[in-house]
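J.: How does the following fold in three dimensions:
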Amino acid sequence: MTPIRLGNTGNEEGAAEAVLLRRVAAGDRGAFEELFENYYSRLFAFLFRLTRAHGAAEELANDVMLTLWKDAGRFRGESKVSTWIFGIAYRQALAYLKKRRLSFVSIKDGDAMVGETDAQFEREDWVRQGIQALPPKQKLTVMLVYFLGLSCEETASASGVPVNTVKTRMFHARKNMKEYLTASGTPEDWQKDLSDD
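T.: Below is the predicted model:
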């Protein structure tokens, strides 16, 4: 069976993933392996950006996949499978970060920064520091929206909160980031993306 490609948000794709998840709930190891293949690298990348620790990201990604195996029958189809899976990752990452009080978030992997100008690198560093200064729930919301590209509705479903809570967290995150960047003396043009306009 050919693995399902992520990123295609079509109904056919979502229906195929829902079928895979139902098969996992029935104990089908092949279906689990297919979902594992489809999601593990994305989960690891998401969790590594949060924790900045290879071992922690690997452990959390494995925990998410174990939870998927054990709790696949709990999926009710009220969201996309990807939203449900990243919701599990969100909750586990939040618990991990609260327990260990780690700072997290890197805009880009170090390898991806090769060739960037000093100004671009400096800007990324300022933004990274601003994100690290955010409270955990705001940080995770920013990660889900900006780095995974989830909509506010998908982020709400993944986070287990109302859509308005996501919007409020994003509003406060932008406000806090702008205040941090202003206090840090960053150039005004770097702060434009944080305005509510």
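
J.: give me the number of residues near Met175?
T.: If you look again at residue 175, you'll see it is Lys, not Met. 13 (other C-beta atoms under 10 Å). (Glycine included, C-beta is placed from N, CA and C.)

J.: Now do stretch 86-95, average pLDDT.
T.: Stretch 86-95 shows a mean pLDDT of 87.

J.: Over to stretch 27-37?
T.: Mean pLDDT, stretch 27-37: 94.

J.: okay, and the helix or strand of this structure with the least pLDDT?
T.: Least confident helix or strand of the chain, by mean pLDDT, DSSP states H and E, is helix 118-132 with a mean of 67.

J.: quick one, what contacts Phe147?
T.: By C-beta atoms under 8 Å, 6 or more residues apart in numbering, the residues touching Phe147 are 46, 49.

J.: how much space between it and Arg128?
T.: 12 Å (C-beta to C-beta, to the nearest Å).

J.: Ok, Ala53 next?
T.: Distance from Ala53 to Arg128, by C-beta to C-beta: 16 Å.

J.: do Tyr96 as well
T.: 20 Å.

J.: Quick check: which element contains the closest residue to Ala93 other than its chain neighbours?
T.: Spatial nearest neighbour of Ala93, chain neighbours left out: Leu50 (5.1 Å); criterion: C-beta to C-beta, 6 or more residues apart in numbering. Per DSSP states H and E, Leu50 falls inside helix 29-51.

J.: That's all I had, so thanks and see you.
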